[in-house]
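Asks: no FASTA, just this:
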């Protein structure tokens with residue numbers, strides 16, 4: 001609580017988001033929460049990506065698992081050297097990036113790796129060749145599906161995500177006005193809670209604060225390392241999930 005001109009006001013609690021360093025962060029304004037972004041990883045584009053190998057493969061379908069990956073891809077092919085390739089994006093944000101060069105970008109109903117696999121099952125024919133454009137630290141769910149289906153495919157790792165010092169996150173999390181953390185990928189879950197990275201946030205040190213997950217895959221990663229995940233779970237866009245969080249918790253405040 002605080003005092004302004006003799007009136008008592010309620011101070012907003014904070015939710016920490018963990019979008020990577022070097023990835024654009026939208027200015028999100030919460031209704032009853034203050035939203036702050038503290039990166040725990042940084043995006044490092046791959047230095048040597050063999051564009052000739054991609055062109056030689058001649059993909060008819062390109063699968064993109066992040067907006068940053070889509071941006072890197074478009075920088076490799078500014079003149080759209082892959083004519084006729086159908087673009088599949090894991091979510092709306094990624095589709096927005098690709099829409100500058102590709103018409104009618106396909107987005108799965110469930111905006112997760114599993115959702116992409118379901119979409120591919122519906123559209124892939126025996127003539128298709130699939131290029132998977134992803135992170136070097138991908139969860140591997142889509143690649144495994146391509147292998148099991150024995151579809152012609154090419155994995156193109158566009159960038160890596162490296163852990164950075166999480167001390168700023170630990171300091172902010174320890175404050176009394178911190179409501180919790182919204183973890184935006186499995187890589188970030190690992191960076192925050194895995195002791196092998198040096199500093200980490202111990203599971204037993206959550207002190208009743210909330211840990212939210214951007215989607216089902218991130219939630220499963222957190223569960224696998226013993227981190228309790230607060231509801232709601234499911235929205236693949238950070239803006240949508242924050243709205244769901246406010247709907248669930250603001251009315252209780």
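Replies: Okay, I see it. Please read all numbers here as calculations on a predicted model, not as lab measurements.
Asks: what pairs with residue 159 across the strands?
Replies: For residue 159, the beta-bridge partners are residue 45, residue 135 (DSSP bridges).
Asks: count of neighbours near it?
Replies: Per other CB atoms under 10 Å, the neighbour tally for residue 159 reads 24. Placement of C-beta: from N, CA and C, glycine included.
Asks: correct me if wrong: it contacts residue 135.
Replies: Yes: between residue 159 and residue 135 there is a contact under CB atoms under 8 Å: 5.8 Å.
Asks: which residues are in contact with both of the two?
Replies: In terms of CB atoms under 8 Å, 6 or more residues apart in numbering, residue 159 and residue 135 are both contacted by the residues residue 69.
Asks: so how far is residue 230 from residue 174?
Replies: 18 Å (CB to CB, to the nearest Å).
Asks: can you check residue 60 too?
Replies: Per CB to CB, residue 60 is found 41 Å from residue 230.
Asks: same question for residue 190.
Replies: The gap separating residue 190 from residue 230 is 19 Å, by CB to CB.
Asks: the more surrounded of the two?
Replies: Shown here are residue 190 and residue 230; by other CB under 10 Å, residue 190 has more neighbours (21 against 18).
Asks: what does the helix or strand harbouring that one rub up against?
Replies: Assigned by DSSP states H and E, residue 190 belongs to helix 186-193. Outside of helix 186-193, the residues that reach it under the criterion CB under 8 Å, 6+ apart are 18, 20, 40-41, 135, 137, 139, 161, 163-164, 166, 169, 181, 183, 197, 200-203, 213, 217-218, 221-222, 225, 227.
Asks: tally of neighbours for residue 248?
Replies: Using other CB under 10 Å, residue 248 has 12 neighbouring residues.
Asks: not counting residues beside it along the chain, what's closest to it?
Replies: Nearest non-adjacent residue to residue 248, counting by CB to CB, 6 or more residues apart in numbering: residue 232, 5.9 Å away.
Asks: isn't that neighbour up against residue 241?
Replies: Yes: taking contacts as CB under 8 Å, residue 232 lies within contact range of residue 241: 7.1 Å.
Asks: mutual contacts of the two, please.
Replies: residue 212.
Asks: looking at those two, which is more packed in?
Replies: For residue 232 and residue 241, the more surrounded residue by other CB under 10 Å is residue 241, and the numbers stand at 21 against 16.
Asks: that one is in contact with residue 183, isn't it?
Replies: No: if you go by CB under 8 Å, residue 241 and residue 183 don't touch, sitting 10.5 Å apart.
Asks: show me where the stretch 51-200 of the chain has helices.
Replies: All helices of the stretch 51-200 of the chain, identified by DSSP state H, counting those that start in this stretch, fall at 51-57, 67-76, 92-98, 113-123, 141-149, 167-173, 186-193.
Asks: including distance to residue 35, could those helices go into JSON lines?
Replies: Output for the helices of the stretch 51-200 of the chain, formatted as JSON lines (distance: least, CB to CB, whole Å):
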{"stretch": "helix 51-57", "distance to residue 35": "37"}
{"stretch": "helix 67-76", "distance to residue 35": "18"}
{"stretch": "helix 92-98", "distance to residue 35": "16"}
{"stretch": "helix 113-123", "distance to residue 35": "26"}
{"stretch": "helix 141-149", "distance to residue 35": "28"}
{"stretch": "helix 167-173", "distance to residue 35": "12"}
{"stretch": "helix 186-193", "distance to residue 35": "16"}
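Asks: tabulate these in CSV, adding columns for mean pLDDT.
Replies: Converted to CSV, the helices of the stretch 51-200 of the chain look like this (pLDDT from 0 to 100):
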stretch, mean pLDDT
helix 51-57, 94
helix 67-76, 92
helix 92-98, 92
helix 113-123, 95
helix 141-149, 97
helix 167-173, 95
helix 186-193, 90
